[in-house]
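# no sequence for this one, just the structure:
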């Protein structure tokens, strides 16, 4: 019984965390789209040719990171709502997709707003990757001594 309560509490905590990360990801995706589609164009046009290419590459990396994060979070939400089983969510195609890393040297020559968005997307991706790793870890086996104590408590 104790493990069921702990599992339920962990599930609720994970659901709240996923909801919070989803909101953060969607806000960051909207901010990113707005910048790279609008204000960022002016910033990009002021850059030398090589840096313009770097700017475009980094904008694609940010978008890819965010889309992988959003897809993974939507999968977790589907599990929480019962639309998908945990086994389905753990299928290789449902894992957090790979994202190319940004080269710090390349990022530092870009406009400050682009740097901030790149850093935020890397941070969010890393947090979701850690969460995925924790969720996919097999649960530790219940201690035989605790199991016996739990059975004794329930018997008396």
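Alright, I've got the coordinates. This structure is a prediction, so every number in the text was calculated from the model and none was measured.
# Low-confidence ranges, this protein, go.
1-10, 13, 138-142, 156 (pLDDT under 70).
# switch to 80 and redo it
In the predicted model, the chain carries pLDDT under 80 at residues 1-13, 136-156.
# Would you enumerate the residues in contact with the most centrally placed residue in it?
With distances taken as C-alpha atoms, centre = their mean, residue 128 lies nearest the centre of the chain, 2.7 Å away. Each residue near residue 128 by C-beta atoms under 8 Å, 6 or more residues apart in numbering is listed here: 21, 69, 72-73, 96. (Glycine included, C-beta is placed from N, CA and C.)
# Go again with 10 Å.
Counting by C-beta atoms under 10 Å, 6 or more residues apart in numbering, residue 128 makes contact with 17-18, 21-22, 24-25, 65, 68-70, 72-73, 76, 96.
# What strand or helix carries it?
Taking DSSP states H and E as the criterion, residue 128 maps to helix 112-136.
# got the buried residues for the helix or strand just after that helix?
Per DSSP H and E, the first helix or strand lying C-terminal to helix 112-136 is helix 144-155. Judged by neighbour count using 16 or more other C-beta atoms under 10 Å, helix 144-155 contains no buried positions.
# thinking again about what came up before, the residue nearest to the centre of the chain and residue 37: what is the separation?
24 Å (C-beta to C-beta, to the nearest Å).
# Just give the closest residue to residue 79, not the sequence neighbours.
Nearest-residue entry for residue 79: residue 89, 4.8 Å, with adjacent residues in sequence omitted and distances by C-beta to C-beta, 6 or more residues apart in numbering.
# okay, now that neighbour: neighbour count?
Taking other C-beta atoms under 10 Å as the criterion, the count of residues near residue 89 is 18.
# For it, give me its contacts.
Applying C-beta under 10 Å, 6+ apart as the definition, the contact partners of residue 89 turn out to be 72, 75-76, 78-80, 95, 132, 135-136.
# again with residue 102
54, 57-58, 61-62, 65, 110, 115, 118-119, 121-122.
# Now that we have those, which of them are buried?
Neighbour counting over those (16+ other C-beta under 10 Å) leaves 54, 58, 61-62, 65, 110, 115, 118, 121-122 as the buried ones.
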